[in-house]
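1. sequence and predicted structure below; questions after.
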Amino acid sequence: MLCIDALAVSDLKPEYLRCEYLENPFIDEKEPRLSWILTSEVRDQHQTAYRILVASKIELLEPGKADLWDSDKVKGSETSQVVYKGKPLLSRQKCYWKVKSWDKKDQEGEWSKSASWEMGLLEKADWNSKWIGKDFSSTTQPIPFKNKELFLPPSPIFRNQINLKEKVSKARLYITSLGLYEYKINGEKVGKDFLAPGWTDYNKRLYYHVYDVTDQLDKGEQVLQASLSSGWYSGYIGYALLIGNPVVRGFYGDTPALRAQLEVTYTNGETSTFATNEEWKVSSGGLLESDILHGETFDARKVPENWSSTNFDDKNWEQAEIINAGNRNLELYPAQPVQMTETIRPIEIHEQEEGKYIFNMGQNFAGLVKLKVKGKAGDKVVLKFGEMLHPDGRLMDENLRMARATDTYILKGDPDGEEWTPSFTYHGFQYVEVTGFPGKPTKENITGLVLGSNTPRVGHFETDHPMVNQLYKNIVWTQRANFVDIPTDCPQRDERMGWTGDAQTYAGTAAINMDVSAFFTKWIQDLHDAQWDYGAYPDYAPAPGVRSTDTYAPAWMEAGIINPYEQYRAYGDTRILEKGWESMEKFMAFHHQKSKGAFFYPEGSFADLSPKGGYGDWLSVGKKTPPDMLATIYYGYAAQLMAEMATAIGKSERAMHYHDLSKKIRTAFSDHYLDKETVRLVTNAAAYGDGKGYVDGQMGFSGNTQTAYANAIYLDFLDEEQKMVAGGHLAQLIKDNDGKLATGFLGAKQLLPALSATGHSDIAYQLLLNEEYPSWGFEIKNGATTIWERWDSYVKDDPEKLASLNNGMNSFSHYAFGSVFEWMFHNMAGIKSEEAAYKTFVIAPEIPKNDINYVSARHESIHGKISSSWKKEGGKLLLEVSIPVNTKATVFIPAKDELDVLLDNKRLDQHEGIQKGNFYKGKQAVKLGSGTYKFESSLN
Ligand code: RAM
């Protein structure tokens, strides 16, 4: 008989090996962090030690041979963020690694499969390529558009023919650009990325990518091709044109430029580098207009025939211009690039007027379409993108403001038909208006390509309530549409900026849905890069300056603290805290100075901003929560997070300082904004005068708002007793408001958790399920497939109301209100992290009396799969949970009493080794290690 113990081998298996959050990546981090996930069939399993091997060749990846690092057996339970401590890593070095773990009985598991990473170019001297480009501005005519003019230079194409003398054993392309690039070898695109190298403050850092192109090369003649577009570097950004900013495009520079080097190792061991330089030729190709915001015009007749073939003669092409791009700081792109993540088929087409067809893609998303068409040379197909239709069936484009959002294709007349996908733009849309199509188009002529940062999906949520399921779907789609290199506010109109308020409020939800560890590693750097000299974090990052009055605002600027904190909470990332620490301290010093050392902000403290007070509880309904009250809350919240982060990185003295500061701010807050007798939040509304200059100031100001209580409760500005009373006030406010919410960007996330925390879970559920304006359900009833910017962005079947909507600022894909998902995951499914990265967590589902009988949620954490799933069945509550290896959870099972709870069909006291906690307020606590557990109890 096989006896596991006798073999003394544990079934503990390290899987999903990652380096700097990515699988087998190219990196330039000299001390990379390694992570793995453990699986085991044994319950309550954890790691007591691990051993990592790193070798320069796969053959050396064995004990005793590993030439880069052998960690030896290291005692500890860490499975993520383990820092490489081997030999110094060099440019281009490939590293293979594997790991094994010892279990709770100190039994040894098997080695993992091997994984790898490869170093990029670590020294400036590694770059020997030149910047090449072509300035077409003198030949570009402005194009009239909506009473203004657009300046859309064509995209240059570049060519260089090389000869490889031997067979190739290894080839890497190191590539970056100012603007956007596409690089091809013998007509085949390198990589699958779009919009590379992304958006950063190009004066501070510019990212490059590395591609393994070994399989794209052969011995002999090869054609290297590239094209460039303005992108964020020299194209249009945001609403600069709309508001008449002195600069509307070219915020970072005028002429896009490319820098690339193809490094080849032959089978005989020799190497060659083929770099961009004056040997490259340039011409204009088919791309007559190309802008990330406005779209592209492509004339297929203008593409030089056969230019990807080695027989092509480029002697009439000009020599590429060598561009003086200065001394740029080049770093390897640290995240998953923007890629096509899905394709979508149209669900219907209607001919809106003769020759004008509207394709309904059935889903609002960000991306492009691939056009398939057959016709004669010179036929011109125009694709216009929009999110909604007017009641008469016309495409709604008013809400796009100054984004042209149009792609045009001019046919070359290929009898076999032709296909086109734009290269350097994207749109936010559900509908495509097609004109000029030769004949009558069918659904086969258009395919939707979903673009976005390719962050792995790690969250799932399902109930037996169709509206709630649709809401969850809409949240995920909105995240996909807006996580496009940076977290944008919206994908469709002339904006698409990394608004900090939106990003801070949504960060928690984002990390439950997708693995955004690498994505936010990048954007948090953008945020620090965009910090003002005086310490405030900006309204959006990157911050190119699309309006001079866009400076900073309370609850927007705190993204500089909140987003790193959320990254730490989700992934246990302490390095990001260490790296940003100085900037964050500088920000806190700004607060100190701005508040004149008073630990709170009295009414009017931010009257110097435009709008006055900042953005406040943006897009709330009814009376406004005083922005200075919110500013005080966010100051105090930031101090509290600083204390926690300081502790996490071992800065105990700073932790004490911030702990003390956070307490002082809370005291000053309640001295000024709290009537301690009634526990009402109060303000001196008279200080705001008639409210002119404040966002919605004409509505008047009050401390007694849903947002005020929700924040004070959720962010710990009240003691336990006060919290319960304030919860009562909040519940009453909702009742007085016909059972509806009234919160904006700064209250929508906090509202439901604040209700749950104060015993009003029933009202939280009622708000979630409400279908009348304003509510999440209202959007869905009116056909939303994504989360809207405003509670009343659209109304079906009411043309009059529709006509009165504010189309100057109306997006149908804005994730901020989707932050309600935090409550759905934390409270409906009940999963809440305690220690960072779910090392310990709680599962405490709140079971509603009516309407919902089933909830199931899952999250692939950095420690593995967590799930909680409950259903009501025949008067019983069935709860199934799973807890990853190396973590512990406290599960709270709703029950009549402790004898009412069955675990795997047995009473708790009949189980050995189960740590039973208290029975308190209708819930039995049980502390569990890893495994899957089934509970049964009576429904109350
Ligand atoms: C809007 C943006 C964003 C918001 C700011 C205040 O224009 O769309 O969502 O944060 O304004």
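-> Structure received.
2. what's the helix or strand for residue 586?
-> Element membership for residue 586 (DSSP states H and E) is helix 575-594.
3. how about that helix: buried residues?
-> 575-577, 580-581, 583-588, 590-592, 594 (16 or more other CB atoms under 10 Å). For the C-beta atoms, the positions are set from N, CA and C on the backbone; glycine is no exception.
4. one more: stretch 401-418?
-> Applying 16+ other CB under 10 Å to stretch 401-418 flags 401-412, 418 as buried.
5. ditto for stretch 789-809
-> For stretch 789-809, by 16+ other CB under 10 Å, it's 789-795, 802, 805, 807, 809.
6. please apply the same query to stretch 192-208.
-> 193-202, 206-208.
7. mind checking the end-to-end distance for it?
-> Stretch 192-208 has an end-to-end distance of 15 Å (criterion: CA to CA, to the nearest Å).
8. what do you get for stretch 410-420?
-> 10 Å.
9. who touches it?
-> By CB atoms under 8 Å, 6 or more residues apart in numbering, the residues outside stretch 410-420 that reach it are 297-301, 303, 370-381, 409, 438.
10. now, of those, which are buried?
-> 297-300, 371, 373, 375, 379, 381, 409.
11. quick check, nearest of the residues you listed to the ligand?
-> Closest to the ligand out of these is residue 297 (27.8 Å), distances taken as CB to the nearest ligand atom.
12. I'd guessed that closest one sits against residue 289; true?
-> Yes - using CB atoms under 8 Å, residue 297 is in contact with residue 289, at 4.1 Å.
13. mutual contacts of these two, please.
-> Listed as contacting both residue 297 and residue 289 by CB under 8 Å, 6+ apart are 152, 408.
14. so residue 505 makes contact with residue 744?
-> No - with contact defined as CB under 8 Å, residue 505 does not reach residue 744; the gap is 10.2 Å.
15. list the buried residues in the one helix or strand residue 842 maps to.
-> Element membership for residue 842 (DSSP H and E) is strand 840-843. By neighbour count with 16+ other CB under 10 Å, strand 840-843 contains the buried residues 841-843.
16. stretch 168-187 now?
-> 168, 170-185.
17. same check on stretch 323-339?
-> Buried, per 16+ other CB under 10 Å, within stretch 323-339: 323, 325, 328, 330-339.
18. closest one to residue 940 out of these, please.
-> Nearest to residue 940 among the buried residues of stretch 323-339, counting by CB to CB, is residue 336 at 44.9 Å.
19. the closest one and residue 455 touch, don't they?
-> Yes - using CB under 8 Å, residue 336 makes contact with residue 455 at a distance of 5.6 Å.
20. now for those two: what residues contact both?
-> 518-519.
21. which stretches of the stretch 151-300 of the chain form strands?
-> Per DSSP state E, counting those that start in this stretch, the stretch 151-300 of the chain carries strands over the ranges 156-164, 168-178, 180-185, 188-189, 193-194, 206-212, 220-229, 257-266, 271-275, 281-284, 287-291, 295-299.
22. give me the contact list for the first one.
-> By CB under 8 Å, 6+ apart, the residues outside strand 156-164 that reach it are 132-134, 136, 217-228, 256, 258, 262, 264, 266, 272, 274, 276, 279-285, 287, 304, 307, 310, 312, 314, 317, 320.
23. what about residue 795, distance to residue 814?
-> 17 Å (CB to CB, to the nearest Å).
24. how about the residues of this protein by the ligand?
-> 489-490, 495, 499, 501-502, 615, 618, 814 (CB under 6 Å from any ligand atom).
25. which two among these are spaced furthest apart?
-> By the measure CB to CB, 490 and 615 form the most distant pair in those, at 15.1 Å.
26. which one's more surrounded, these two?
-> The neighbour comparison of residue 490 against residue 615 (other CB atoms under 10 Å) goes to residue 490, with 29 against 22.
27. ok, and the closest non-adjacent residue to that one?
-> residue 811 (3.8 Å; CB to CB, 6 or more residues apart in numbering).
28. list the buried residues in stretch 129-141.
-> In stretch 129-141, counting by 16+ other CB under 10 Å, buried: 129-134.
29. per-residue pLDDT, the spatially most central residue of the chain?
-> With distances taken as CA atoms, centre = their mean, the residue of the chain nearest its centroid is residue 483 (4.1 Å). Per-residue pLDDT puts residue 483 at 99.
30. out of the contacts of strand 156-164, which are buried?
-> Buried, going by 16+ other CB under 10 Å: 132-134, 217, 222-228, 256, 258, 262, 264, 266, 272, 274, 276, 280-285, 287, 304, 307, 314, 317, 320, out of these.
31. where do the strands sit along the stretch 351-500 of the chain?
-> Under DSSP E, counting those that start in this stretch, the stretch 351-500 of the chain gives strands at 356-373, 380-386, 406-410, 418-420, 427-435, 446-453, 459-463, 483-484, 486-487.
32. tell me the most buried of these?
-> Most buried of the strands of the stretch 351-500 of the chain by mean neighbour count (mean count of other CB atoms under 10 Å) is strand 486-487; its value is a mean of 27.
33. which secondary structure elements does that strand contact?
-> The contact analysis (3 or more CB pairs under 8 Å, 6 or more residues apart in numbering; DSSP states H and E) places strand 486-487 against helix 500-513, helix 517-529.
34. ok so residue 892 is a helix residue?
-> No - in this structure, residue 892 is strand, not part of a helix, as judged by DSSP: H, G, I helix; E, B strand; the rest coil.
35. in the stretch 601-750 of the chain, what residue comes closest to the ligand?
-> For the stretch 601-750 of the chain, CB to the nearest ligand atom, closest residue to the ligand: residue 615, 4.1 Å.
36. end to end, how far does stretch 16-30 reach?
-> Length of stretch 16-30, first residue to last, CA to CA: 21 Å.
37. over to stretch 821-833?
-> End-to-end distance (CA to CA), stretch 821-833: 15 Å.
38. now it: mean pLDDT?
-> 98.
39. quick one: low-confidence ranges for the stretch 801-940 of the chain?
-> Confidence mapping of the stretch 801-940 of the chain against pLDDT under 70 gives zero matching residues.
40. that one: strands as residue ranges?
-> Under DSSP E, counting those that start in this stretch, the stretch 801-940 of the chain gives strands at 831-833, 840-843, 854-861, 864-873, 876-883, 888-894, 902-903, 906-907, 915-920, 923-928, 931-938.
41. so what touches the fourth one?
-> Strand 864-873 is contacted from outside by 37-39, 464, 829-831, 838, 841, 843, 845, 847, 853-860, 877-887, 889, 939, using CB under 8 Å, 6+ apart.
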